[in-house]
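[1] Sequence unavailable; structure follows:
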């Protein structure tokens with residue numbers, strides 16, 4: 001019933017406003033006969049007389065006045081929604097719903113937005129900071145336009161593009177037996193207790209995969225939701241962790257270069273396949289893809305001569 005009524009609400013409100021079918025038809029740009037038939041069908045669908053007719057003029061019945069209040073409220077809400085979606089799609093001042101990992105929030109994302117807004121100063125951002133799987137869910141639900149995540153998702157309904165890779169380090173307490181080292185093979189930490197992110201986080205999956213590649217399953221003492229919390233727990237002596245570089249160096253820990261296996265994580269951007277972009281989203285997508293290889297601060301990225309899984313230059317334990 002609601003869907004049948006919806007197209008007739010604007011006609012009804014115009015007739016009620018003018019109390020005259022001819023004038024209402026002129027305002028709506030439809031033939032008078034079309035408007036008259038629409039009102040007859042509306043009353044038939046409701047089973048209630050909305051108008052008392054006197055020739056070409058009409059007056060609302062008490063039921064018509066009550067229905068007009070609700071109809072005007074509904075029409076105003078639709079108009080507000082239309083204004084919102086038009087504003088969000090505005091090329092110069094539209095809105096972008098952007099998700100990103102917790103570890104991208106302190107430095108990378110603010111720098112990206114600042115750089116983008118040099119040429120798009122009025123574009124608005126709705127930002128969501130979360131872990132990878134939760135962001136992908138929100139992407140699929142239509143709540144996000146784009147998300148910055150790791151690993152780059154590989155799913156038939158998503159498009160993922162690799163933008164950069166980030167070095168991961170083995171973080172140990174500053175009084176740890178390995179704290180005097182600069183480099184380490186991950187296999188040397190096989191007997192250590194690890195603190196990690198919870199299952200479902202991309203970094204947890206990467207940690208498990210790297211440890212498996214090094215020949216062991218990590219013994220986990222704590223599972224958290226945020227990388228800097230883990231770094232603090234390492235400083236407190238609770239365990240060691242594989243983490244990306246911190247935005248600000250934290251006292252109490254030493255960060256060791258992992259020479260084997262190659263300890264990096266890919267950072268990429270994802271969006272829903274086939275989902276049409278508004279102009280501001282399309283502009284931001286182009287901007288992100290244009291930062292390929294330069295998304296992260298230079299010190300976060302592995303150097304070009306970073307050794308692979310077999311070691312190589314710098315794979316000593318000095």
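    On my side now, so go ahead. Here the structure is a predicted model, which is why all the values come from computation and not from measurement.
[2] wait, what's in contact with the residue nearest to residue 214 when sequence neighbours are not counted?
    The shortest distance from residue 214 to any non-neighbouring residue, by CB to CB, 6 or more residues apart in numbering, is to residue 186 (3.9 Å). All C-beta atoms are positioned from the backbone trio N, CA, C, and that covers glycine. Residue 186 makes contact with 170, 210, 211, 213, 214, 242, 258, 260, 261, 263, according to CB atoms under 8 Å, 6 or more residues apart in numbering.
[3] Need the residues you listed in CSV (columns: distance to residue 148 and secondary structure).
    Formatted as CSV, the contacts of residue 186 follow (distance: CB to CB, whole Å; DSSP: H, G, I helix; E, B strand; the rest coil):
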residue, distance to residue 148, secondary structure
170, 24, strand
210, 21, helix
211, 25, helix
213, 25, helix
214, 28, coil
242, 20, strand
258, 23, strand
260, 28, strand
261, 24, coil
263, 20, coil
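[4] Redo these as a markdown table? Include pLDDT, distance to residue 33 and neighbour count.
    Listed next are the contacts of residue 186 as a markdown table, based on pLDDT from 0 to 100; distance: CB to CB, whole Å; neighbours: other CB atoms under 10 Å:
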| residue | pLDDT | distance to residue 33 | neighbour count |
| --- | --- | --- | --- |
| 170 | 97 | 80 | 26 |
| 210 | 97 | 75 | 22 |
| 211 | 97 | 77 | 21 |
| 213 | 97 | 77 | 15 |
| 214 | 97 | 81 | 19 |
| 242 | 97 | 75 | 27 |
| 258 | 96 | 79 | 24 |
| 260 | 94 | 82 | 21 |
| 261 | 96 | 78 | 20 |
| 263 | 95 | 76 | 26 |
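[5] Closest to residue 18 out of these?
    The shortest gap between residue 18 and any of the contacts of residue 186 belongs to residue 242, at 71.5 Å (CB to CB).
[6] My guess is the closest one contacts residue 210. True?
    Yes - taking contacts as CB atoms under 8 Å, residue 242 lies within contact range of residue 210: 6.5 Å.
[7] got any ranges where the stretch 151-300 of the chain has weak pLDDT?
    Within the stretch 151-300 of the chain, the stretches with pLDDT under 70 are 299-300.
[8] And the strands in it?
    Using DSSP state E, counting those that start in this stretch, the strands of the stretch 151-300 of the chain run over 158-167, 169-173, 183-185, 193-197, 219-224, 241-243, 253-260, 264-272.
[9] What residues of the fourth one count as buried?
    When neighbours are counted by 16 or more other CB atoms under 10 Å, the buried residues of strand 193-197 are found to be 194, 195, 196, 197.
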